[in-house]
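Chemist: Have a look; sequence and predicted model below, questions after that.
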There are 2 protein chains.
Amino acid sequence: MFIASVKNTTSSLIAEALLEVQAVKLSPEKPFRWASGWKSPIYCDNRITLSYPKVRTLIKEKLVELIQLQFPSVSCIAGVATAGIPQGALVADLMELPFLYVRSSPKSHGMQNLIEGIADKNAKIVVIEDLISTGGSSLKAAEALRQAGYNVLGMAAVFTYNFQVAVDNFQTADLPFYALSNYDDLIQSALEKGIVKPNIIETLQAWRLSPQTWKQ
Amino acid sequence: MFIASVKNTTSSLIAEALLEVQAVKLSPEKPFRWASGWKSPIYCDNRITLSYPKVRTLIKEKLVELIQLQFPSVSCIAGVATAGIPQGALVADLMELPFLYVRSSPKSHGMQNLIEGIADKNAKIVVIEDLISTGGSSLKAAEALRQAGYNVLGMAAVFTYNFQVAVDNFQTADLPFYALSNYDDLIQSALEKGIVKPNIIETLQAWRLSPQTWKQ
């Protein structure tokens, strides 16, 4: 119970920080429209946290705590381009570990690399991502690292929407993943802070369970 | 003279570090071919330094020294995507300043931002770049920041090829720029370390003066 309580504290702390700097915006009445076509009551841009040194440092320290707890044998940090690069570099810096980053597609010129930087062939890599929705781009990055012969221990993200499809995708890929905070804890924090009203909780929960059909 | 000597020491130190981890490769006999079509005796990939914590930290600390000396009123750090993002974030972290990053073209989905992250409208921004060749992409990033209303103090880069065209471009844009190390000091370090032979110096210098015609 103690551990569960500690975990919960971190998740609430991060959720509150994301809401405070408006890295996460909730707008259930006037939904956002995602590139996928989904309507969504939430828009998350964790890059905004980089502009707030205190929040940025909190996220860095909590990611390092998570990695030390879940992946104690880590020897290298990788960031998923582009949003995972800055926090990934900060985590690598604090842990004094090598850093590399992974693109989702090769750049159009120069030496065509999906992976930028190099690591020891025996490196045990933890991948840093800012945000998990379906897990697609994160798993693509992890797959690129595996195909290059690296041992990928798992993934640490700042935030996940808690979609079942992401859980399934990571399970299929046999890749452990952890996030500092998540949609359900965020709603709870938003409710406690009066950012959303209790009568809107049901529709917020409905989105998480079936984002592709919500308000269509 | 003392300052000139200190500057020179930093430049040699960085040049040696770049050569040591092979972030810079010299191959005058079998030239590289750049995306521009130019043949070149040098290939520079400073992202490799991210995989070497000691070199990465050296670069971070020297960039911070440079910024504190040349741009003491700085209040925000920006990185040019993608290679300037990780070192930019590390510099912002050490200086406890807000960080944002700038793309050269907007991403294809989501809220179309050239600039990721936010800064105070009165922010005094120093832009971090890994490598200066003609200065084109760096100046595009600085221009995007200026068009968004930010005050761009100048640019700090890890390495410059010392092309006259870059000097001219930065002068035209009225943007001060400094680099930790440069092609001429690198050649000198490579010579001292026996990486290149004295009889090759002339052809290496010829490239820097006229890269577009060298060995064509």
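Modeler: Arrived safely, thanks for sending. Residues are numbered from 1 along each chain as shown, chains lettered A, B, ... in the order given.

Chemist: what ranges of chain A fall below the confidence cut-off?
Modeler: Counting by pLDDT under 70, chain A contains low-confidence ranges at A:1-8, A:104-112.

Chemist: Tell me who's in contact with the residue nearest to A:Gly117 when sequence neighbours are not counted.
Modeler: If you skip the residues right next to it in sequence, A:Gly117 has A:Leu100 as its closest partner in space, 3.1 Å away by Cβ to Cβ, 6 or more residues apart in numbering or on different chains. The way it works is simple: take the backbone N, C-alpha and C, and place the C-beta from them, glycine included. Contacts were defined as Cβ atoms under 8 Å, 6 or more residues apart in numbering or on different chains; by that measure A:Leu100 touches A:76-79, A:115-119, B:47, B:50-51.

Chemist: do that again at 7 Å, thanks
Modeler: Shown here is A:Leu100, whose contacts under the criterion Cβ atoms under 7 Å, 6 or more residues apart in numbering or on different chains are A:78, A:115-119, B:50-51.

Chemist: Please enumerate the strands of chain A.
Modeler: With strands called from DSSP state E, chain A shows them at A:24-26, A:32-33, A:39-40, A:42-44, A:76-80, A:99-102, A:115-116, A:124-132, A:151-160, A:177-182.

Chemist: Walk me through which strands the first one pairs with, and which way each runs.
Modeler: Partner strands for strand A:24-26, per DSSP bridges, with pairing direction: strand A:42-44 (antiparallel).

Chemist: same question, the last one
Modeler: Paired strands of strand A:177-182, with direction, are strand A:151-160 (parallel) (DSSP bridges).

Chemist: For A:Ser210, grab the count of nearby residues.
Modeler: 11 (other Cβ atoms under 10 Å in any protein chain shown).

Chemist: Quickly note the distance from it to chain B.
Modeler: Using Cβ to the nearest Cβ, to the nearest Å, one gets 22 Å for the distance from A:Ser210 to chain B.

Chemist: go on, A:Thr9?
Modeler: When distances are taken as Cβ to the nearest Cβ, A:Thr9 and chain B turn out to be 24 Å apart.

Chemist: What count of nearby residues applies to the closest residue to A:Leu18 other than its chain neighbours?
Modeler: Of all residues not flanking A:Leu18 in the chain, A:Val24 sits nearest, at 4.4 Å (Cβ to Cβ, 6+ apart). Applying other Cβ under 10 Å, we find 25 residues neighbouring A:Val24.

Chemist: for A:Trp34, same thing?
Modeler: 15.

Chemist: now A:Gly136
Modeler: 13.

Chemist: Next: A:Ile118.
Modeler: Close neighbours of A:Ile118, defined as other Cβ under 10 Å, add up to 20.

Chemist: give the contact list for the residue lying closest to it once chain neighbours are set aside.
Modeler: If the residues on either side of it in the chain are set aside, A:Ile118 comes closest to B:Ser51, at 5.1 Å by Cβ to Cβ, 6+ apart. If a contact means Cβ under 7 Å, 6+ apart, then B:Ser51 has A:98-100, A:117-119 as its contacts.

Chemist: which parts of chain A sit against chain B?
Modeler: When proximity is defined as Cβ under 7 Å from any Cβ of the partner chain, chain A approaches chain B at A:35, A:47-48, A:50-53, A:81-82, A:85-86, A:89-90, A:93, A:96-101, A:109-110, A:116-119.

Chemist: buried subset of these?
Modeler: Among those, those scoring as buried are A:47-48, A:50-53, A:81-82, A:85-86, A:89-90, A:93, A:97-101, A:116-119 (criterion: 16 or more other Cβ atoms under 10 Å in any protein chain shown).

Chemist: Just those residues: which are in helices?
Modeler: Using DSSP state H, the subset of these located in helices is A:53, A:85-86, A:89-90, A:93.

Chemist: would you turn the contacts of B:Ser51 into JSON lines with distance to A:Ile132?
Modeler: What follows is those, written out as JSON lines (distance: Cβ to Cβ, whole Å):
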{"residue": "A:Pro98", "distance to A:Ile132": "24"}
{"residue": "A:Phe99", "distance to A:Ile132": "20"}
{"residue": "A:Leu100", "distance to A:Ile132": "20"}
{"residue": "A:Gly117", "distance to A:Ile132": "23"}
{"residue": "A:Ile118", "distance to A:Ile132": "26"}
{"residue": "A:Ala119", "distance to A:Ile132": "23"}
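
Chemist: how about these, which pair is most distant?
Modeler: Longest distance between any two of the contacts of B:Ser51 is 10.4 Å, between A:Phe99 and A:Ile118; criterion Cβ to Cβ.

Chemist: Can you give me the buried ones in stretch A:18-31?
Modeler: Of the residues in stretch A:18-31, those buried by neighbour count under the rule 16+ other Cβ under 10 Å are A:18-19, A:21, A:23-24, A:26, A:28, A:31.

Chemist: Over to stretch A:159-176?
Modeler: Taking 16+ other Cβ under 10 Å as the basis for neighbour counts, the residues of stretch A:159-176 that come out buried are A:159-163, A:166, A:169-170, A:173, A:175.
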